[in-house]
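**Student:** missing the sequence, but the structure's below:
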Ligand SMILES: C[S@@+](CC[C@H](N)C(=O)[O-])C[C@H]1O[C@@H](n2cnc3c(N)ncnc32)[C@H](O)[C@@H]1O
């Protein structure tokens, strides 16, 4: 078996053993595919990780940058208490339309505020509106803007806020300082900002599985 095949099969094994079959989440993935959305959603095991992190932290307010079809949004929304809320930001109106239907199917729409438009503009507008800080922030949109999203994440944080960034390994390309891929350079600048920021303590976890070789940055705002 090739290495990638093993990762995929082990991911399937983990999912079968630890993540109960969920007709709604499977329907969401099918809907996304039928609607022509790119398969950039987190995997089931990664969605469960987000769900567990939200529960472990006791998050009540979550900010997500990059909704796609709402798959990760649903995983996190399900971990929230009754009064909890997610604000999720999506640029593409078609993605947002599909997400809105998926959120309703999963019956989490009352916990989710889906804002459509460029995330940086939305974040600036939210600041003007005096939106309160968040307990958990998931950054998963256009990677060249990761440094900008991190600055906004700090703006919307309090001590104890957890900040998670997806796709931070990029099949190992992250160590290529000469990469011409703007997503790699965006994520490298994201690491640099975190490294230089004394208000965040963080690590990164390399992941393998159905989504290939990638990873998450997980950090916490300390002051
Ligand atoms: C990796 S996908 C999100 C996946 C989703 N978090 C999940 O796991 O189900 C990235 C999403 O970010 C959106 N996006 C890209 N640039 C954006 C921007 N400037 N502002 C807001 N959303 C953006 C894309 O349209 C896409 O739907």
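**Tutor:** Cool, got the structure. Everything numeric here is computed off the predicted structure, so don't read it as measured data.

**Student:** Tell me the residues on this structure that lie near the ligand, please.
**Tutor:** 40-42, 66, 68, 71-72, 89-92, 95, 118-119, 140-142 (Cβ under 6 Å from any ligand atom). (Glycine included, C-beta is placed from N, CA and C.)

**Student:** let's see 5 Å
**Tutor:** The chain comes close to the ligand at residues 40-42, 66, 68, 71-72, 91-92, 95, 118-119, 140-142, as judged by Cβ under 5 Å from any ligand atom.

**Student:** Find the least confident helix or strand in the protein, judged by mean pLDDT.
**Tutor:** Taking mean pLDDT, DSSP states H and E as the measure, the chain has helix 3-18 as its least confident helix or strand, at a mean of 92.

**Student:** gap between that helix and the chain center?
**Tutor:** Offset of helix 3-18 from its chain centre (Cα atoms, centre = their mean, to the nearest Å): 21 Å.

**Student:** Can you mark which positions in it are buried?
**Tutor:** 7-8, 11, 14-15 (16 or more other Cβ atoms under 10 Å).

**Student:** repeat for stretch 133-142
**Tutor:** 134-142.

**Student:** With stretch 147-163 instead?
**Tutor:** Quick answer for stretch 147-163 (16+ other Cβ under 10 Å): 147-150, 152-154, 156-157, 161-163.

**Student:** Just put the residues you listed in JSON lines and tack on pLDDT.
**Tutor:** What follows is the buried residues of stretch 147-163, written out as JSON lines (pLDDT from 0 to 100):
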{"residue": "147", "pLDDT": "98"}
{"residue": "148", "pLDDT": "98"}
{"residue": "149", "pLDDT": "98"}
{"residue": "150", "pLDDT": "98"}
{"residue": "152", "pLDDT": "98"}
{"residue": "153", "pLDDT": "98"}
{"residue": "154", "pLDDT": "98"}
{"residue": "156", "pLDDT": "98"}
{"residue": "157", "pLDDT": "98"}
{"residue": "161", "pLDDT": "98"}
{"residue": "162", "pLDDT": "98"}
{"residue": "163", "pLDDT": "98"}
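
**Student:** Adding distance to residue 61 and secondary structure, write these out as CSV.
**Tutor:** Formatted as CSV, the buried residues of stretch 147-163 follow (distance: Cβ to Cβ, whole Å; DSSP: H, G, I helix; E, B strand; the rest coil):
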residue, distance to residue 61, secondary structure
147, 23, helix
148, 21, helix
149, 17, helix
150, 18, helix
152, 15, helix
153, 13, helix
154, 15, helix
156, 9, coil
157, 11, coil
161, 9, coil
162, 11, strand
163, 13, strand
